[in-house]
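Undergrad: pasting the sequence and the predicted model now:
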Amino acid sequence: MKADLHVHSYHSGYNHDLPFLRSRDCYTPPAEVYRTAKARGMDLVTITDHDSINGCLEFLDQHPDATDFIIGEEISCWLPDATPAIEVHLGAYGLTEQAHRDIQPLRGNALDVIAYLRQQRIFFALNHLFHFYRGQIPMAEYLTLLDRVPALETRNGAMLPAHNALIEQIIASRTAAGLPRHAAVAGSDAHTPRRIGRTWVECPGQNRDESLANLRAGLGTPHGQQGATLSLAADIYGVIADYWLSLIGLRKHEISLPRRTFGLAFSAVSAPFEFIPLLVATISKSRETARIDEYTRLLGAAPLAPAPIRAQAKSEATGSLEALAVSVSNAHPKGRATSTGELSAKVRSARPAEGEGPEGPAGPPTYSLSSPTGRG
């Protein structure tokens, strides 16, 4: 069965680049997401809005008997011990309304969110691994996060092929080193209808639950398009067009009349500068290329998880960010971000015991892209 596991709808919140315009991150109605995905051959459909399941609930209110729909969410959380904090996005599938509510106060610490999802047996994946990483902490420390997650998004339709390929190389290197293999998911990361269903994961199964179980078991294979400069530019222009349509009432909006008037005036004045989104896309993908080239060289030349780091990380099984951000040179101060109340106690008790990986015992302590067994 095919599923695009990374799709946004109108309920993904507002764009943060020009907040005074109150432009939404995406304008696609949930029902249009579903129709487009099915028209492009998806057997299962999900919506993974930023920190919201309202799009999923809206669709299910209209189609309560849909057995091919998965309640999803892209959860934004942070590794707060880094300076600045590293944003982490987790794609979660098969959520309940209660789980969504429980997760929100935990988002300040990615490890709390991860531990909760594991404790509730909710399948999730770490999305676009290097999208937010800028060297805030050493690479080896950052990649200890992989010991905590059961799946990785190995093909994101908005990321460059080299970005996606590096993630697949890391999975292969970890597997060659005897570490548990991550399950693979894939999705378009579509913020307009244009790319919905163009990137997907295919997994055996006769129905939604069976397919998700097989996906969790690592039987999914990624397919479809990957990112490029012109594709990103088209996405940006698509959202801008939807914003303009919302100003004149042809797209859903929650903007007051004075703000709509201001938005129309701003759009008219800025019309001569509409080459800027193409420039932004070009710069963005150029920087992504440079970062991925640098990370590939770094990971090809050095072990991805030196033995002292992994040993220390496993010894700190309380699950605070200390288990994730162990300092290679003691150059980064340690901190601890914890939640309060009974839920947080359950979360902390659910963290992996010493020696556990994402789905079982951890393997040998070192591996690298150039030498999967870590022997040089």
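TA: Noted; the coordinates are in hand.
Undergrad: spatially central residue for this protein, please.
TA: residue 127 (2.7 Å; CA atoms, centre = their mean).
Undergrad: what residues are up against residue 279?
TA: Listed by CB atoms under 8 Å, 6 or more residues apart in numbering, the contact set of residue 279 is empty. The C-beta positions use only the backbone N, C-alpha and C, and glycine is treated the same way.
Undergrad: just the local confidence number for it, please.
TA: Residue 279 carries a pLDDT value of 96.
Undergrad: got it, and residue 163?
TA: For residue 163, the model assigns a pLDDT of 97.
Undergrad: helix or strand for the residue lying closest to it once chain neighbours are set aside, which one?
TA: The shortest distance from residue 163 to any non-neighbouring residue, by CB to CB, 6 or more residues apart in numbering, is to residue 292 (5.1 Å). Using DSSP states H and E, residue 292 sits in helix 276-301.
Undergrad: list the buried residues of that helix.
TA: Neighbour-count burial for helix 276-301 flags 277-278, 281, 285, 288, 291-292, 295-296, 298-299 (criterion: 16 or more other CB atoms under 10 Å).
Undergrad: was I right to think the residue nearest to the centre of the chain contacts residue 91?
TA: Yes. Using CB atoms under 8 Å, residue 127 is in contact with residue 91, at 5.1 Å.
Undergrad: what do these two both touch?
TA: Common contacts of residue 127 and residue 91 (CB under 8 Å, 6+ apart): 6, 74, 153.
Undergrad: return the distance of the residue nearest to the centre of the chain relative to residue 151.
TA: Going from residue 127 to residue 151 by CB to CB, to the nearest Å gives 10 Å.
Undergrad: show me where this protein has helices.
TA: 30-39, 54-62, 97-103, 110-119, 139-142, 161-176, 208-216, 229-247, 257-270, 276-301, 307-315, 341-349 (DSSP state H).
Undergrad: and the ones you listed, which is most packed in?
TA: Most buried of the helices of the chain, by mean neighbour count (mean count of other CB atoms under 10 Å): helix 110-119, with a mean of 24.
Undergrad: which helices and strands sit right next to it?
TA: Counting contacts by 3 or more CB pairs under 8 Å, 6 or more residues apart in numbering; DSSP states H and E, helix 110-119 is packed against strand 69-79, strand 86-93, helix 97-103, helix 341-349.
Undergrad: make JSON lines out of those and add distance to residue 116 and mean pLDDT.
TA: Output for the helices and strands packed on helix 110-119, formatted as JSON lines (distance: least, CB to CB, whole Å; pLDDT from 0 to 100):
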{"stretch": "strand 69-79", "distance to residue 116": "10", "mean pLDDT": "98"}
{"stretch": "strand 86-93", "distance to residue 116": "10", "mean pLDDT": "98"}
{"stretch": "helix 97-103", "distance to residue 116": "6", "mean pLDDT": "98"}
{"stretch": "helix 341-349", "distance to residue 116": "5", "mean pLDDT": "43"}
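Undergrad: considering the helices of the chain, which stretch scores lowest in mean pLDDT?
TA: Taking the mean pLDDT of the helices of the chain, helix 307-315 comes last: a mean of 37.
Undergrad: give the bridge partners for residue 46, please.
TA: Taking DSSP bridges as the rule, residue 46 bridges to residue 70.
Undergrad: in contact with it, which residues?
TA: Neighbouring residues of residue 46 by CB under 8 Å, 6+ apart: 3-5, 7, 56, 69-72, 93.
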